[in-house]
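In: Just the structure for this:
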Amino acid sequence: MPEDSINHINFEELNEKAISAPLVSHIYTADPSAHVFNERIYIYPSHDIDSDAVFDDLGSQFAMEDYHVLSMDRPGSEVIDHGCVLHINDVPWASKQMWAPDAAEKDGKYYLFFPAKNHDGIFQIGVAISANPEGPFISEPNPIKGSFSIDPAVFKDDDGKYYMYFGGLWGGQLQRWRTGEFKADGEGPLVHLPADHQEALTPKVALLSDDLLQFAEEVKDVVILDENGQPLLAGDNGRRFFEAAWMHKYNGKYYFSYSTGDTHYLCYAIGDKPYGPFTYAGRILEPVVGWTSHHSIAEFEEKWYLFYHDSSLSQGVTHLRSVKMAEIHYDENGKMITLEPYIGIKILD
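Out: Predicted coordinates:
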């Protein structure tokens with residue numbers, strides 16, 4: 001969000017008209033991945049901190065260095081912060097920027113999947129394990145072989161298979177992997193993006209191994225189609241993928257949702273298989289205060305909830321965000337009804 005826009009926001013009015021309040025206010029949290037384990041809601045966010053890092057298009061200001069776990073009995077109940085469950089100092093392969101994580105359960109073990117930059121400054125995805133959903137988690141000594149970019153989201157299908165979706169543009173480095181190998185800055189950090197008339201870069205997916213510690217196959221593209229069955233173009237930045245992959249299943253259909261990044265929408269596309277292709281279906285959430293949008297979707301007691309973040313608590317500081325949640329609904333055709341984060345107030349068009 002442009003600074004001049006932030007300066008004109010009345011945050012007292014904005015918070016009064018917000019459809020939800022921050023789940024916690026003693027720390028800043030973002031990028032919430034929510035799951036129901038043992039009939040309790042667990043949220044795995046990133047932990048925003050203030051730092052001296054430069055503000056740039058690579059997201060250097062997002063200098064997160066540990067993870068907390070939040071939990072609650074049910075929507076509206078007390079939210080418990082289980083404290084620091086994994087720190088960058090306890091991850092041998094990682095150097096900085098522990099961005100948006102996710103979690104999964106299998107056979108009584110809990111797995112935390114997280115991106116971080118390795119010691120060469122390249123994002124990879126790691127795994128940490130715990131006997132409890134609230135952690136603490138112990139990191140594997142090495143990242144997932146063949147992993148790259150950011151924002152892992154792990155989806156368990158009805159047949160018991162686990163898939164990881166991931167990827168992010170700009171600071172998430174996805175554009176650097178267009179040739180299959182990492183390309184350094186060269187002429188600039190964003191030079192490897194496709195032209196507007198070319199097909200948009202796709203998020204990625206891979207089936208996970210039985211122990212959830214590695215990819216069980218080559219990484220595949222997740223193709224998002226327009227209404228004519230054609231892949232979205234890079235210039236279609238109100239609909240194309242930028243970051244924040246998430247997958248959930250509703251009435252037998254696969255809903256792949258994501259953020260458009262620089263246009264600030266949460267969108268979704270629908271498909272018949274976990275690999276897609278997925279056809280663009282609309283927006284889940286209109287823009288919030290703060291540059292980024294990142295989310296998850298979870299069902300609890302036959303109701304569906306969107307977990308997201310904004311920067312209302314920090315009064316617009318883009319790298320100090322707060323996790324929120326709101327109930328979502330579907331129409332008779334399975335379309336998700338778009339949420340307005342602030343009643344009567346639009347942040348961006």
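
In: Show me which residues of stretch 21-38 are buried.
Out: In terms of neighbour count (16 or more other C-beta atoms under 10 Å), stretch 21-38 has its buried residues at 22-24, 28-35. (Glycine included, C-beta is placed from N, CA and C.)

In: Taking those, tell me the two that lie furthest apart.
Out: Tyr28 and His35 (21.3 Å; C-beta to C-beta).

In: low-scoring stretches of the stretch 1-150 of the chain, by residue?
Out: Along the stretch 1-150 of the chain, segments meeting pLDDT under 70 span 1-7.

In: Contact partners for Thr260?
Out: Residues counted as contacts of Thr260 (C-beta atoms under 8 Å, 6 or more residues apart in numbering) are 237-242, 266-267, 293.

In: Just the residues you listed: which are in strands?
Out: 266-267 (DSSP state E).

In: Give me the buried entries from the contacts of Thr260.
Out: Members of those classed as buried by 16+ other C-beta under 10 Å are 237, 239-242, 266-267, 293.

In: Which one of these is nearest to Ala153?
Out: When the buried ones among the contacts of Thr260 are compared against Ala153 (criterion: C-beta to C-beta), the nearest one is Phe241, at 12.4 Å.

In: Hmm, that closest one is touching Tyr258, no?
Out: Yes - with contact defined as C-beta atoms under 8 Å, Phe241 and Tyr258 form a contacting pair (5.0 Å).

In: And the closest residue to Asp102 other than its chain neighbours, how close does it get to Asp196?
Out: The shortest distance from Asp102 to any non-neighbouring residue, by C-beta to C-beta, 6 or more residues apart in numbering, is to Ser33 (4.2 Å). Taking C-beta to C-beta, to the nearest Å as the measure, Ser33 falls 32 Å from Asp196.

In: can you list the residues that contact the longest helix belonging to the chain?
Out: Ranked by residue count and defined by DSSP state H, the top helix of the chain is helix 11-17. Contacts with helix 11-17, where a contact means C-beta under 8 Å, 6+ apart, come from 21, 289, 312, 315-316, 342-345.

In: in that helix, what counts as buried?
Out: Buried, per 16+ other C-beta under 10 Å, within helix 11-17: 11, 14-15.

In: Show the pLDDT at Ile345.
Out: In the predicted model, Ile345 carries a pLDDT score of 89.

In: rewinding a little: joint contacts of Phe241 and Tyr258?
Out: Going by C-beta under 8 Å, 6+ apart, residues that sit against Phe241 and also against Tyr258 are Pro203.

In: Could you export the very next helix or strand once past the longest helix of the chain as PDB, CA atoms only?
Out: Once the chain leaves helix 11-17, the next helix or strand it forms, by DSSP states H and E, is strand 28-37. Taking Å, rounded to 0.1, in the frame of the first residue of the first chain, the C-alpha atoms of strand 28-37 are listed here in PDB:
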ATOM      1  CA  TYR A  28       2.800  -9.500  15.500                       C
ATOM      2  CA  THR A  29       1.800 -12.600  13.500                       C
ATOM      3  CA  ALA A  30       1.200 -13.200   9.800                       C
ATOM      4  CA  ASP A  31       0.700 -15.800   7.100                       C
ATOM      5  CA  PRO A  32      -1.600 -18.100   9.200                       C
ATOM      6  CA  SER A  33      -1.900 -21.800   8.300                       C
ATOM      7  CA  ALA A  34      -4.800 -23.200  10.300                       C
ATOM      8  CA  HIS A  35      -5.600 -26.800  11.000                       C
ATOM      9  CA  VAL A  36      -7.900 -28.800  13.300                       C
ATOM     10  CA  PHE A  37      -6.000 -31.400  15.300                       C
END
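
In: So which elements touch strand 28-37?
Out: With contacts taken as 3 or more C-beta pairs under 8 Å, 6 or more residues apart in numbering; DSSP states H and E, strand 28-37 sits against strand 40-48, strand 66-72, strand 102-106, strand 296-300, strand 303-310, strand 322-328.
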